[in-house]
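Visitor: Next comes the sequence, and after it the predicted model I'd like to discuss.
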Amino acid sequence: MSMEQVEVLRAAVCLAAKDERISEREGQILQKLREAAGVGEASFRAMVDMAREDPDYHERQLRFILGDPSRTWRVLLHVANADGQITQEEHDTLRIFAEKLGVPAENVPDVSD
């Protein structure tokens, strides 16, 4: 388990929960991040609950992710490319995260054929 991956997962959960709901597409990428970080389902659920209910937790994680959005973006891209292709759902989710991170739309990879 990489602490960096866990920190990115926490921050990504906060980003996804920022609008008080986690879409199906956001949930899919969060599950991939959870698996890559080796975080159990119960710990993941606790992260989601904290992101929704604890403004201090949310603020700490957003400071982390926004402090180095390029690193976070690289990790998200790595997860999306882990299976060697970008699906339409992954592309759409990356677009959501890119917007939240301030990443230009042209930096979001196209769907793989």
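Guide: Sure thing, it's come through. Residues are numbered from 1 along each chain as shown.
Visitor: what comes into contact with stretch 35-50?
Guide: The set of residues external to stretch 35-50 that reach it, using Cβ atoms under 8 Å, 6 or more residues apart in numbering, is 1-2, 5-6, 8-10, 13, 17, 22, 30, 34, 57-58, 79, 82. (C-beta placed from N, C-alpha, C; glycine too.)
Visitor: which of those count as buried?
Guide: The neighbour count (16 or more other Cβ atoms under 10 Å) marks 5-6, 8-10, 13, 17, 22, 30, 34, 57-58, 79 as buried among these.
Visitor: that older thread, out of the contacts of stretch 35-50, which are inside helices?
Guide: 5-6, 8-10, 13, 17, 30, 34, 57-58, 79 (DSSP state H).
Visitor: would a markdown table of those residues with distance to residue 99 and pLDDT be doable?
Guide: Formatted as a markdown table, the ones in helices among the contacts of stretch 35-50 follow (distance: Cβ to Cβ, whole Å; pLDDT from 0 to 100):
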| residue | distance to residue 99 | pLDDT |
| --- | --- | --- |
| 5 | 22 | 82 |
| 6 | 24 | 86 |
| 8 | 17 | 80 |
| 9 | 19 | 87 |
| 10 | 20 | 86 |
| 13 | 17 | 84 |
| 17 | 15 | 77 |
| 30 | 16 | 89 |
| 34 | 22 | 93 |
| 57 | 22 | 80 |
| 58 | 18 | 70 |
| 79 | 18 | 70 |
